[in-house]
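Trainee: need a structure here:
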Amino acid sequence: MGLPLVSIITINYNESGVTMDLLESLRASRYKNLEILVVDNASPKDNPDVIKENYPEVTLIKSEENLGFAGGNNLGVKAAKGDYLLFINNDTIVPENFIQPLVDTLERDPSIGMVSPKIKFHWDASLIQYAGYTPMNHWTIRNSSIGYHQKDDGAYDQPGETESIHGAAMMVPKQVVDQVGMMTEIYFLYYEEHDWAAMIKRAGYKVYYQPQAYILHKESLSTGKFSPLKTYYIARNRIVFARRNFKPAQLFVSLLFQAFVSIPKNTLTFIVKRQFQHLKAFWQAIYWNITHHKIIHA
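Mentor: Numbering: from 1, shown residues only. Below is the predicted model of the structure:
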């Protein structure tokens, strides 16, 4: 049997140069049976045609509107032909041999529904960004990246099951997507990969971390490391995630914590720091959840 076809899906938004850096690193891949799909999310300040001109082997899909992270990736899924779908951020650089260990992981164990590699920082490849996730805390609706900012000294080289996936690089068998469904598009940005991992786990699959593969991540280029846009979507979607995935008792506890601890604390912090744009974005996120009662449950 030949190598399974891997469909690599990445999203471009005003960053053709960044996307082409990723594509250049993919050209050196030792894994030869792959197709690459670049979804341009209706970039207003960028002409994505330059991607196709420089990388004619790529399938360039132009969305007519910005569909967000989930929507853009789902557009790629609909066009993908692969046995395995690799979702990867455009602000990453990949080594030549990172695909094979991910494919091998899924080929060996059909009960694994999604797998992420080790993720390291592009600005310092000796530091880890992701080596698995802790469970989602039912009070704060937050989880933590295992190994974050730790030296890559071998302490995080054990593959195994983990609580959630990292959206910067995740491989999912096409048959799992066909069974469970694509990413939920209500999120637009942030938390959608955690929601998808929860959906896939409820379907009986495992979420896996495979450190034999790694990528380098430039991190938050398209949204900015600390922007009002990021503040809005993280605050909004943290609550959306709880509403969609927590059991009633857990949700009650979580919303109490948000109302009496998290929301007052964040409000005060933004006021003290005079970050009024962030304050506005934060309260718009809370208001969205108050006014949107009907969220489709998984």
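Trainee: Domain ranges for this protein, per the record?
Mentor: Using automatic domain parsing, the domain ranges for the chain come out as 6-217, 228-291.
Trainee: Reformat the ones you listed as TSV; add mean pLDDT.
Mentor: Shown next, in TSV, are those (pLDDT from 0 to 100):
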stretch	mean pLDDT
domain 6-217	96
domain 228-291	95
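Trainee: Could you look over those domains and pick the most buried one?
Mentor: Each of the domains of the chain was scored by mean neighbour count; the highest is domain 6-217, a mean of 19, by mean count of other CB atoms under 10 Å. The C-beta positions use only the backbone N, C-alpha and C, and glycine is treated the same way.
Trainee: Quick one: end-to-end distance for that one.
Mentor: 21 Å (CA to CA, to the nearest Å).
Trainee: Just the helices from the chain, written as ranges.
Mentor: 16-27, 49-54, 68-79, 99-108, 174-180, 192-202, 228-245, 248-257, 263-272, 276-291 (DSSP state H).
Trainee: nearest to residue 208, of these?
Mentor: Among the helices of the chain, helix 99-108 comes nearest to residue 208, with 6.1 Å by CB to CB.
Trainee: Identify the residues contacting stretch 260-280?
Mentor: 140, 228, 231, 235, 282-283, 286 (CB atoms under 8 Å, 6 or more residues apart in numbering).
Trainee: Check those residues and tell me the two furthest apart.
Mentor: Pairwise distances across the contacts of stretch 260-280 peak at 21.3 Å for 140 and 228 (criterion: CB to CB).
Trainee: Relative to residue 246, how far out is residue 11?
Mentor: 28 Å (CB to CB, to the nearest Å).
Trainee: typed the wrong thing, it's residue 194
Mentor: 12 Å.
Trainee: ok so, going back, so can I have JSON lines of the contacts of stretch 260-280 showing distance to residue 82?
Mentor: Shown next, in JSON lines, are the contacts of stretch 260-280 (distance: CB to CB, whole Å):
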{"residue": "140", "distance to residue 82": "37"}
{"residue": "228", "distance to residue 82": "37"}
{"residue": "231", "distance to residue 82": "36"}
{"residue": "235", "distance to residue 82": "35"}
{"residue": "282", "distance to residue 82": "39"}
{"residue": "283", "distance to residue 82": "42"}
{"residue": "286", "distance to residue 82": "40"}
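Trainee: Of these, which is the nearest to residue 147?
Mentor: residue 140 (20.0 Å).
Trainee: For residue 123, what are phi and psi?
Mentor: Backbone torsions for residue 123, taken as degrees, to the nearest 10, come to phi -70, psi -20.
Trainee: Grab the nearest non-local neighbour of it.
Mentor: Distances taken as CB to CB, 6 or more residues apart in numbering place residue 218 nearest to residue 123, at 7.5 Å, with adjacent residues excluded.
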